[in-house]
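Asks: no sequence for this one, just the structure:
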């Protein structure tokens, strides 16, 4: 997940949990409500100084705001680009998938 997405997701959750509005955040950041809407919808990029201000408003450390918890829960995501163009590539991908499934299965057996 990209840093922008991580921050936006956490800010939205925090605003809802704290009962705060986009207008409140806009006032605190000295921005318009429309600009905050664009920032939190991903239409505009959150500049680093705004991320720092938001961390202070949320009363958390900057590193905590930027941390991707999905990596800590053990959930891994693999993104492949392009396509498999030949049989050898297909076999190699199948072999990799088999090795992963075998490792995961082996790991689960050890736990159980």
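Replies: Nice, thanks for sending it over. Only a predicted model underlies this, so the values are computations on that prediction, with no experimental measurement involved. Numbering: from 1, shown residues only.
Asks: tell me the domain boundaries of this protein?
Replies: Domain assignment for the chain, taken from automatic domain parsing, gives 3-70, 78-111.
Asks: For this protein, which element, helix or strand, carries the lowest mean pLDDT?
Replies: Least confident element among the helices and strands of the chain, by mean pLDDT, DSSP states H and E: helix 69-72 (a mean of 67).
Asks: need the next SSE after that one, C-terminal direction.
Replies: Proceeding N to C from helix 69-72, the next assigned helix or strand is helix 87-111, under DSSP states H and E.
Asks: quick one: that next one to chain centroid distance?
Replies: What separates the centre of helix 87-111 from the centre of its chain is 26 Å, taken as CA atoms, centre = their mean, to the nearest Å.
Asks: what's in contact with that helix?
Replies: For helix 87-111, the surrounding residues in contact (CB atoms under 8 Å, 6 or more residues apart in numbering) are residue 84. Where you see a C-beta, it was placed from the backbone N, CA and C, and this is true even at glycine.
Asks: and if you look at stretch 57-66?
Replies: Contacts to stretch 57-66, defined as CB under 8 Å, 6+ apart, come from residues 3, 6, 7, 10, 11, 14, 25, 28, 51, 52, 54, 55.
Asks: Please name whichever of the residues you listed scores lowest on pLDDT.
Replies: Within these, residue 3 has the lowest pLDDT, namely 85.
Asks: residue contacts, that one?
Replies: residue 66.
Asks: May I see the contacts of stretch 57-66 organised as JSON lines, with distance to residue 90 and secondary structure added?
Replies: Formatted as JSON lines, the contacts of stretch 57-66 follow (distance: CB to CB, whole Å; DSSP: H, G, I helix; E, B strand; the rest coil):
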{"residue": "3", "distance to residue 90": "34", "secondary structure": "helix"}
{"residue": "6", "distance to residue 90": "34", "secondary structure": "helix"}
{"residue": "7", "distance to residue 90": "38", "secondary structure": "helix"}
{"residue": "10", "distance to residue 90": "39", "secondary structure": "helix"}
{"residue": "11", "distance to residue 90": "42", "secondary structure": "helix"}
{"residue": "14", "distance to residue 90": "45", "secondary structure": "helix"}
{"residue": "25", "distance to residue 90": "49", "secondary structure": "helix"}
{"residue": "28", "distance to residue 90": "53", "secondary structure": "helix"}
{"residue": "51", "distance to residue 90": "42", "secondary structure": "helix"}
{"residue": "52", "distance to residue 90": "47", "secondary structure": "helix"}
{"residue": "54", "distance to residue 90": "45", "secondary structure": "helix"}
{"residue": "55", "distance to residue 90": "46", "secondary structure": "helix"}
